[in-house]
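K.L.:
return atomic coordinates for the entry below.
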Amino acid sequence: MRYNAAMIKPIKTYSLNNLKQLMKDLGQPSFRAKQLYEWLYLHHVGSYDEMTNLPQTLRVQLSADYPLFTPAVIDSQTSQDGTAKYVISYHDGARVETVAIPSSDGRLTVCCSTQAGCAMGCTFCATGKEGFTRNLSAGEIVDQILIAQTRMGERVSNVVVMGQGEPFLNYEQTLNALHILNDEKLLNIGARHITLSTCGILSGIDRLGTEPEQFTLAVSLHAAIQRTRDKIMPGVANYGLGKLKTVLLKYIERTNRRATLEYAMMNRVNDNEEDLKALIEFCTGLLCHVNLIPLNEIEESEFSPSKAPTMNHWYLTLNRSGIETTIRHSRGSDIAGACGQLKNAVKHR
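P.N.:
As a prediction, the model looks like this:
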């Protein structure tokens, strides 16, 4: 069936409350919305024909006016460490990458994307070099987790919203997706097991602080000196570090939850003593945890990861300064599935 792209309203763009209103508009009882939601996100069906407890007339009408699109996995790779990466294509050709990361303790973490591409333009990130295509709907975000769960053959226990895109530039659909993931009658993933990562969009951080769920906030900091951060993260150059700290303090006071600060360490770019001193100063007074990440190398990049002795020096110094710090070694780097490497590449066959 052909659809007018400007006119269609895919069913997976609707929240549960939106579906209840839609059912009312279509002359259906409100419980049909819950039935429909369960078919989409609990049973993960691919067509209205499979929704056997919905009236046939309703299924026909929904199929005609509110298409149910099913994404396709067009490529997959598995790392030596067991990490799996999927290139997923949506109905209009937009693509994202999703990464499934199994742990020895039985946890399965999925790193999902909220946008096809990214407009932030971080100079050390492969996604940033690809540019921005479009926002994803809530259902398209959830589909990534369901695909990974099916492919890996086990339940997803943790979700990190750290794939392609800036979640707070697609706030409504991203939060709708997290509500679906968190719903105990659907995927039932605990809010504290869902981490939302942002480059530092102040309005988004402020808004997240008003949400009732205890989602975890991670901020991609990567530099605590303004001129350095502006250079490597031009998309947030208008958000000063002083304002970022202020909004983080407000978030922490409001939620009583700590924030995670992600810091990708780049050799001779953001890893000297001045940078370390600035990071310690930024963290002072913040309830936070610092993740030091050796930069994952990407093709044709001018940046390289910090040396091991430098990483260790930062780790020890930050912890001695009373700042809880870990070194995070990314999984799946051999299949370009680690932080900063996602660019929708299809391997040569």
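K.L.:
now residue 275: closest residue in space, sequence neighbours ignored.
P.N.:
Spatial nearest neighbour of residue 275, chain neighbours left out: residue 225 (6.1 Å); criterion: CB to CB, 6 or more residues apart in numbering. C-beta coordinates here come from the backbone N, C-alpha and C atoms, glycine included.
K.L.:
look up how far residue 64 lies from the one you found.
P.N.:
With distances taken as CB to CB, to the nearest Å, residue 225 is found 56 Å from residue 64.
K.L.:
so between these two, which is more surrounded?
P.N.:
Neighbours were counted for residue 225 and for residue 64 using other CB atoms under 10 Å; residue 225 has more, 18 against 11.
K.L.:
quick revisit: now do the contacts for the residue nearest to residue 275.
P.N.:
Residues in contact with residue 225 (CB atoms under 8 Å, 6 or more residues apart in numbering) are 270, 274-275, 278.
K.L.:
residue 111 and residue 98 touch, don't they?
P.N.:
Yes: the criterion here is CB atoms under 8 Å, and residue 111 meets it with residue 98 at 6.9 Å.
K.L.:
out of those two, which sits in the more crowded spot?
P.N.:
residue 111 (30 against 27).
K.L.:
can you give me the helices for the stretch 1-150 of the chain?
P.N.:
16-25, 31-41, 56-65, 126-130, 138-152 (DSSP state H, counting those that start in this stretch).
K.L.:
return the distance of the longest one from the chain's centre.
P.N.:
From the chain centre to the centre of helix 138-152 is a distance of 12 Å (CA atoms, centre = their mean, to the nearest Å).
K.L.:
ok, residues contacting the helix or strand following it?
P.N.:
Scanning forward in sequence from helix 138-152 by DSSP states H and E, the next helix or strand is strand 158-161. By CB under 8 Å, 6+ apart, the surrounding residues in contact with strand 158-161 are 107-112, 114, 145, 167, 174, 178, 181, 189, 193-197, 218.
K.L.:
then strand 158-161 to CSV, C-alphas only?
P.N.:
The C-alpha trace of strand 158-161 is given here as CSV (Å, rounded to 0.1, in the frame of the first residue of the first chain):
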residue,chain,number,x,y,z
ASN,A,158,19.0,-2.6,30.9
VAL,A,159,18.7,0.2,28.3
VAL,A,160,21.1,3.0,27.6
VAL,A,161,19.8,5.7,25.4
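K.L.:
excluding chain neighbours, what is closest to residue 280?
P.N.:
Per CB to CB, 6+ apart, closest to residue 280 is residue 321, 5.1 Å.
K.L.:
burial measure for that neighbour, as a count.
P.N.:
15.
K.L.:
so how far is residue 250 from it?
P.N.:
Counting by CB to CB - residue 321 and residue 250 are separated by 23 Å.
K.L.:
and if you look at residue 165?
P.N.:
For residue 165 relative to residue 250 (CB to CB), the value is 25 Å.
K.L.:
repeat for residue 308
P.N.:
From residue 308 to residue 250 the distance is 37 Å (CB to CB).
K.L.:
have a look at the two and say which one is more surrounded.
P.N.:
Remark: of residue 308 and residue 250, residue 250 carries more neighbours, 14 against 10, as counted by other CB under 10 Å.
K.L.:
show me where the stretch 1-150 of the chain dips below the pLDDT cut-off.
P.N.:
1-7 (pLDDT under 70).
K.L.:
care to break the protein down by domain?
P.N.:
11-65, 72-335 (automatic domain parsing).
K.L.:
and those domains, which is most packed in?
P.N.:
domain 72-335 (a mean of 19; mean count of other CB atoms under 10 Å).
K.L.:
could you check how far that one is from the centre of its chain?
P.N.:
That offset, for domain 72-335, works out to 7 Å (CA atoms, centre = their mean).
K.L.:
please flag which of the contacts of residue 225 sit within strands.
P.N.:
Counting by DSSP state E, none of the members of those fall within strands.
K.L.:
could you tell me which of the residues you listed belong to helices?
P.N.:
Judged by DSSP state H, helices contain the following of these: 274-275, 278.
K.L.:
now the residues you listed in CSV, please, with extra columns for distance to residue 241.
P.N.:
Below are the ones in helices among the contacts of residue 225 laid out as CSV (distance: CB to CB, whole Å):
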residue, distance to residue 241
274, 14
275, 12
278, 9
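K.L.:
skipping its backbone neighbours, what lies nearest the residue nearest to the spatial centre of the chain in space?
P.N.:
Centroid-nearest residue in the chain, with CA atoms, centre = their mean: residue 161, separated by 2.0 Å. Counting by CB to CB, 6+ apart, residue 161 lies nearest to residue 196, which is 4.8 Å off, once chain neighbours are set aside.
K.L.:
ok, now which ones touch that neighbour?
P.N.:
Taking CB under 8 Å, 6+ apart as the test, what residue 196 contacts is 161, 167, 174, 178, 208, 215-218.
K.L.:
show me where this protein has strands.
P.N.:
72-78, 84-89, 95-102, 108-111, 115-117, 132-135, 158-161, 194-198, 216-220, 259-265, 288-294, 325-327.
K.L.:
how about a markdown table for those, with distance to residue 30 added?
P.N.:
Shown next, in a markdown table, are the strands of the chain (distance: least, CB to CB, whole Å):
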| stretch | distance to residue 30 |
| --- | --- |
| strand 72-78 | 33 |
| strand 84-89 | 32 |
| strand 95-102 | 33 |
| strand 108-111 | 31 |
| strand 115-117 | 32 |
| strand 132-135 | 28 |
| strand 158-161 | 29 |
| strand 194-198 | 27 |
| strand 216-220 | 33 |
| strand 259-265 | 38 |
| strand 288-294 | 42 |
| strand 325-327 | 46 |
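K.L.:
all set now, cheers.
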